[in-house]
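Chemist: predicted coordinates and the sequence they were generated for:
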Amino acid sequence: MSTLDHTHGQVHLDQLRERLIHFAPVPAHDPGVVARRASHLRERDALLARLAAVREGDSSPEALRRLGTDVDHHLQRGRDLAWDDVELELGGSE
């Protein structure tokens, strides 16, 4: 791997880490959403651990691709949780 490729990969890893750390949905009001949010935080911690492992050496293209996909899915689940809480607060669907 060239220095340029390594630097680009490092920047990508740093961006994934920042996205995970700074994504913080508003506190939930519904007990069911609170429980799902706790699970979501545990998932975030597991993703951060995987990210650290990749930074330490498992930087195969497949490992990086999979981690990026899993981070994207995690962030989408976080947005879904926020919308679920809003929907429940407003009374749900008719």
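Modeler: Sure thing, it's come through. Residues are numbered from 1 along each chain as shown.

Chemist: following the helix or strand of the chain with the lowest mean pLDDT, which helix or strand comes up?
Modeler: Least confident element among the helices and strands of the chain, by mean pLDDT, DSSP states H and E: helix 3-22 (a mean of 68). For helix 3-22, the succeeding helix or strand toward the C-terminus, using DSSP states H and E, is helix 31-56.

Chemist: list the buried residues of that next one.
Modeler: Going by neighbour count (16 or more other CB atoms under 10 Å), the buried part of helix 31-56 is V33, R36, R37, H40, E43, R44, L47, R50, L51, V54. (Each C-beta comes from the backbone N, C-alpha and C, glycine too.)

Chemist: repeat for stretch 61-79
Modeler: For stretch 61-79, the buried set under the neighbour-count rule, 16+ other CB under 10 Å, comprises L64, L67, D70, V71, H74, L75, R77, G78.

Chemist: just put those in JSON lines and tack on pLDDT.
Modeler: Shown next, in JSON lines, are these (pLDDT from 0 to 100):
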{"residue": "L64", "pLDDT": "82"}
{"residue": "L67", "pLDDT": "86"}
{"residue": "D70", "pLDDT": "92"}
{"residue": "V71", "pLDDT": "89"}
{"residue": "H74", "pLDDT": "91"}
{"residue": "L75", "pLDDT": "88"}
{"residue": "R77", "pLDDT": "88"}
{"residue": "G78", "pLDDT": "86"}
